[in-house]
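*Asks:* Any chance you can model this:
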Amino acid sequence: MIYNQLGTTFTLEWPVYIEDDTVLSELDITVYVSCSRFKKEMDITVEDNTVTFTFQGTDQKVCGEYDLILYINEGKADQVILKNKKVFKLYR
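*Replies:* Okay, here's the model as predicted:
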């Protein structure tokens, strides 16, 4: 787990591998950071199978442990959800 003080901007890279040879950058994906009282869609870049995003300090509102949630085809019949739990913790 990564520990950061609330209000400190940081960048995360998340390597995501799917069972077949699908390349993540070819899919319709959405990524959220989420804790018990907060959820935010992130502006992402995808290169091959790595998702990169920056969580701006000004967007951080709640202390706690955060998960990453990746949707493939969000809101569609063939939607897939991947979750990486307790990736980072924001503290005061």
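
*Asks:* Only C-alpha atoms from now on, for both contacts and neighbour counts.
*Replies:* OK.

*Asks:* Next one: the most centrally placed residue in the chain relative to Tyr3, how far apart?
*Replies:* Per C-alpha atoms, centre = their mean, the C-alpha nearest to the average position across the chain is that of Leu68, at 3.8 Å. Between Leu68 and Tyr3 the distance is 15 Å, computed by C-alpha to C-alpha, to the nearest Å.

*Asks:* do Glu65 as well
*Replies:* Here Glu65 is placed at a distance of 9 Å from Tyr3 (C-alpha to C-alpha).

*Asks:* Between these two, point out the one with more neighbours.
*Replies:* For Glu65 versus Tyr3, neighbours defined as other C-alpha atoms under 10 Å are more numerous around Glu65 (18 against 12).

*Asks:* Spatially nearest residue to the more buried one (excluding sequence neighbours)?
*Replies:* In space, and not counting its chain neighbours, Glu65 is closest to Lys89: 4.3 Å by C-alpha to C-alpha, 6 or more residues apart in numbering.

*Asks:* OK, contacts around the one you found?
*Replies:* Listed by C-alpha atoms under 8 Å, 6 or more residues apart in numbering, the contact partners of Lys89 are 1-4, 63-66.
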